[in-house]
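# I'll drop the sequence and a predicted model, then ask my questions.
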Amino acid sequence: MRVAELVAQLRPVARGVHLRVPAGESDVRRWETTGVAGLIVKPDGPVAEPAVLARLNAVVAAAERMRAPSSLYGVTRTSLALAAWAAGVTQLSGDCIGDRFGDDILARRFRLDDLYAARRP
């Protein structure tokens, strides 16, 4: 089943369907017309930070064209969190964000002070 058809079936019973962009996917323009409410990137395995950021920039640009949020799950480094935030990602989760943001399913809108809240005793 194609993504657009699946989203159309889920839309009446869900607040929004977010699409996790497949690992290694560089051309995300095809997802723009599917009706998804947002795009999610998750680093899969030990991926170099520049590769994640390049992929993330493409997702953020597509999400902006869709007027939808972009998310990065599984953030383990402060530098990646700051780079994602600067790129326009609105939802982050992962170990360096804090316990309440650590579960993929519980990602919330990210504020810069959340990054430092994770380090407070």
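Looks like it came in fine.

# Let's test this: name the helix or strand in the protein with the lowest mean pLDDT.
Every helix and strand of the chain was ranked by mean pLDDT, DSSP states H and E. The lowest is strand 108-109, at a mean of 64.

# Tell me where this structure is predicted with low confidence.
Counting by pLDDT under 70, the chain shows low-confidence ranges at 1, 26, 44-48, 97-110, 114-121.

# Now do the helices in it.
Counting by DSSP state H, the chain has helices at residues 3-10, 49-66, 78-87, 112-117.

# Distance from the longest one to the middle of the chain?
Here the centre of mass of C-alpha atoms in helix 49-66, compared against the chain's by CA atoms, centre = their mean, to the nearest Å, lies 9 Å away.

# Now that helix: buried residues?
Neighbour-count burial for helix 49-66, with 16 or more other CB atoms under 10 Å as criterion, is recorded at 52, 53, 55, 56, 57, 58, 59, 60, 62, 63, 66. In short, each C-beta sits where N, CA and C put it, glycine included.
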